[in-house]
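Engineer: Got a sequence here, can you build the structure:
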Amino acid sequence: MTGITGHGGARAVAVAQRYGVTAMFTLSGGHVFPLYDGAVKADPPLRLVDVRHEQTAVFAAEATARLTRGPGLAVVTAGPGVTNSVSAVTTAWFNGAPLVLLGGRAPDYLWGSGALQEMDHVPVLATVTKRAWTEHDKGRVAASVDEAFRIALTPHRGPVFCDFPLETIYDQAGEELPQGGPAPAAAPDPGEVSRIAALLAGARRPVLVLGSDVWLGRAEDAARQAAQALRLPVITNGQARGVLPGGHELLVTRARSIAFAAADLVIVAGVPLDFRLRYGSFGPGDEPANVVHVADERGMLAEHCPLAAAAAGDLTAFFTALAGEARPGADPDWLPRLRASAAAAVAADAALLASDAEPVHPVRVYGELLKALDDDAVVIGDGGDFVSFAGRHVEPSKPGRWLDPGPFGCLGTGLGYAVAARLAHPSAQVVLLLGDGAAGLSLIDVDTLVRHDLPVVIVCGNNGAWGLEKGPMRAVYGYDVAADLRPGTRYDEVVRALGGAGELVTAPGQIGPALRRAFASGVPYLVNIVTDVSAEYPRSTTGV
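Structural biologist: Below is the predicted model:
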């Protein structure tokens, strides 16, 4: 046991630092002043990053967790400070990000009297967190914060919320803090691994799908080694993109349609069998594929579709065991067939990547961006069609370097993610790909980038529409409403007004030089590219 003294904020910060937290993301509020005081007076001080909207603070904490694979910390004041955080907490819930959100709360001694911002936050957060509670005991602040971090980091990872009444967080007290941390993940059942190995031995057209939990669970090396040892075609998803770098002989993400339609065995590890993966329905219609689901915790295994086998537990242990036991019997023509399909898809993109069409085709933006990206660049997507094109054309060289909102699909993540990425990777390129719709949800937090000296390149695909909705509504009804934005809005001028820099691009030949100026600027810089509103992403998955 370790003794901790001081007001509640100092004790909370001491616990956070013990878990490796280096930044507190917040928006100022009097209910949480002791947490700021604790951060400033800690040894070493805990960096305070104050933002312009609470959702940005929580998105930044979530992205910190997803980029570093340690916990992220956000602190918000009572009432609207908490309610403004809900969509961001829900995004962390869907992404399995180990986020701790600490909130202020009206004092217990005035409860029921109508104190400022008096509301019970816990029921609001309970359904989108691993646990949500109020700590009323002045002598248990550190213990509760320790519990919050431990729960957040225990697989399956996710957000945790704890709030403190005013007198609890301001009170001077001493307390004993239990030692320890999250329990290590258990190894999967050997019998489950054996069943999967047997299925693999009998499969002629197997496919391995890797998702974000492979990265978050630090299993990327074991996954790559298993894929190589077993010669499995691999499709990557989310932050597992880059486990096999672009161009790897086993990476067939660009052939996913053919792979999913023709496979007889699909092993899905570290990602739910949701709308992104056909709800777990693979193979020819008259001969469905065997589906194997692998997760870091049993509660994450799919229950909505039939599974031929499943395994739960530490993902590194799973891949190591599978590689040691499995003896695959795949058709020797299967991988070459998928590789040829992937290569054909890449070749078919060449014309659009170099398109000279005006207005600019969004794919041309990526034709220029790919030339400018370093291997260790962090690429962030916050948008609809514009970012969907990025998902097709930007293939990371390393895992954990791609961030998008994930399956919850919440726009407005981008500026918070960019703040976190610049802090987590201070020497790497950080590129935020921003749709003009998404820009309206968070662009004011360029002010945060400027105030905290966090240079980021922002590429705005400006087609003057909510592209994800405009085309589909026209397809359903023959017309669209509520899908148009002002054409050519000068988002670059907004960024300049906030203290950054930027420019407008209206022709394909201007894109490359503008990107080079942005990367060389050393400031938050927005390249505002007017793109063709009629260039819709050829979407096959709608999520409904």
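
Engineer: From now on I want contacts and neighbour counts done on CA atoms only, so please keep to that.
Structural biologist: OK.

Engineer: Please enumerate the helices of the stretch 1-150 of the chain.
Structural biologist: Secondary structure of the stretch 1-150 of the chain, counting by DSSP state H, counting those that start in this stretch: helices at 8-18, 33-41, 54-68, 80-83, 86-95, 122-125, 141-153.

Engineer: Which single helix of this protein contains the most residues?
Structural biologist: helix 334-353 (DSSP state H).

Engineer: Any buried residues in it, and which?
Structural biologist: Trp334, Leu335, Leu338, Arg339, Ser341, Ala342, Asp349, Leu352, Leu353 (16 or more other Cα atoms under 10 Å).

Engineer: next one: stretch 416-434
Structural biologist: 416-422, 424-425, 428-434.

Engineer: right, and Thr134 touches Asp163 too?
Structural biologist: Yes. The criterion here is Cα atoms under 8 Å, and Thr134 meets it with Asp163 at 4.9 Å.

Engineer: Pick out whichever of the two has more residues nearby.
Structural biologist: Asp163 (30 against 18; other Cα atoms under 10 Å).

Engineer: and the gap between the more buried one and Asn463?
Structural biologist: Going from Asp163 to Asn463 by Cα to Cα, to the nearest Å gives 42 Å.

Engineer: try Val456
Structural biologist: For Val456, the distance to Asn463 - Cα to Cα - is 22 Å.

Engineer: one step back: so of the helices of the stretch 1-150 of the chain, which one's packed in deepest?
Structural biologist: Among the helices of the stretch 1-150 of the chain, ranked by average contacts under mean count of other Cα atoms under 10 Å, first place goes to helix 54-68 (a mean of 29).

Engineer: packing partners for that helix?
Structural biologist: Under the contact definition 3 or more Cα pairs under 8 Å, 6 or more residues apart in numbering; DSSP states H and E, helix 54-68 sits against strand 23-26, strand 72-76, helix 86-95, strand 99-105, helix 414-424.

Engineer: Ala42: which of those is closest?
Structural biologist: strand 23-26 (12.0 Å; Cα to Cα).

Engineer: Doesn't Val379 belong to a strand?
Structural biologist: Yes. Counting by DSSP: H, G, I helix; E, B strand; the rest coil, Val379 is found in a strand.

Engineer: Can you name the residues bridging to it?
Structural biologist: Trp402, Val431 (DSSP bridges).

Engineer: Now that we're looking at it, what pLDDT does it have?
Structural biologist: pLDDT, Val379: 98.

Engineer: And Gly174, by the same measure?
Structural biologist: 87.

Engineer: and if you look at Leu369?
Structural biologist: Reading off the model, Leu369 has pLDDT 98.

Engineer: Start at 54, not 1
Structural biologist: Got it, first residue is 54 now, which makes that one Leu422.

Engineer: I'd guessed it sits against Ala567; true?
Structural biologist: No. The criterion here is Cα under 8 Å, and Leu422 misses it with Ala567 at 10.3 Å.

Engineer: So which of the two has more stuff around it?
Structural biologist: Higher neighbour count among Leu422 and Ala567: Ala567, with 22 against 19, using other Cα under 10 Å.

Engineer: which residue sits closest to that one, ignoring its sequence neighbours?
Structural biologist: Leaving aside its sequence neighbours, Ala567 sits nearest to Val580 (Cα to Cα, 6 or more residues apart in numbering; 6.7 Å).

Engineer: Let's verify the one you found: helix, strand, or coil?
Structural biologist: Classified using three-state DSSP, Val580 is strand.

Engineer: Run through the residues that contact it.
Structural biologist: Contact partners of Val580, counting by Cα atoms under 8 Å, 6 or more residues apart in numbering, are Val510, Ile511, Val512, Cys513, Asp545, Gly555, Glu556, Leu557, Val558, Ala567, Leu568, Ala571.
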